[in-house]
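>>> Structural data only, the sequence is not supplied:
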C-alpha cells in the first residue's frame, strides 16, 4: 500500500461522506494497521484484492483517507512534554492567525473552538521551559493574539487515530439541561473568512 499522502486541501469540508458498510470495514482495518497489504486487507474485509485496491484508491481520491502515517510515542522520540495552549484571537485577525499557526512546527494540532477561548493548540516540547518559551515568547507575541493560557498535559490517557460512526454507542437517555456550559463566540468571530 502506498504511503503517499493525499492532498487534504483538495477535499476540505465538514460534510459527512456517503460510505457503505464495506468502506467502514476498510477504514476499521486501516485504523489498526495502515501498512496492511491489499491482500490482507481484502481478506479481513471479505472482498477481492482488486476491489480492495479500488476501494482504497477511491477513499483517498474522495478525501475520506487523507494520508498514511506512523504513530509515534512522543516521549520516546524526545518530546516528553505536551501542553494545551488556549488562545483568544483579536477580532478581524483570523486569516493571519491561521496562516501563522500553520507555519509553526511546534504545533501538533490546532482547533478553532467555542467557549472562553477561540483556539486550542496542542504543542510538544523537550521540557517545561520549552512550553513557556513557546507560549509567552511566540504565541503571546503575535499581534493577532489577545490572551494565552497554557496547561501542561500530565498524562495522555487515550488517543485514537480516528473514530467511525459505528464506534459511537446509541444513547437513549435524555441529558438534563444545564449540564453543559455553552459560551457564545467572541464578537467578530462570525466574520471568520472561509479557509
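Received, thanks. Keep in mind that what you see is a predicted model, and the values were worked out from it rather than measured.

>>> any idea whether residue 131 is helix, strand or coil?
Secondary structure assignment for residue 131 (DSSP: H, G, I helix; E, B strand; the rest coil): helix.

>>> Flag the shaky bits of the chain, pLDDT-wise.
1-17, 175-195 (pLDDT under 70).

>>> and if we set it to 50?
Along the chain, the model assigns pLDDT under 50 to residues 1-13.

>>> Next up, the contacts around the most far-flung residue of it relative to its centre.
In the chain, residue 48 marks the outermost C-alpha relative to the chain mean, sitting 31.9 Å out by C-alpha atoms, centre = their mean. Shown in contact with residue 48 (C-beta atoms under 8 Å, 6 or more residues apart in numbering): residue 42. Every residue, glycine included, has its C-beta placed from N, CA and C.

>>> need the contact list for the most centrally placed residue in the chain.
Nearest residue to the geometric centre of the chain (C-alpha atoms, centre = their mean): residue 109, 6.0 Å. Counting by C-beta under 8 Å, 6+ apart, residue 109 touches 121-122.

>>> and residue 152, what does it touch?
So residue 152 contacts 81-83, 128, 131 (C-beta under 8 Å, 6+ apart).
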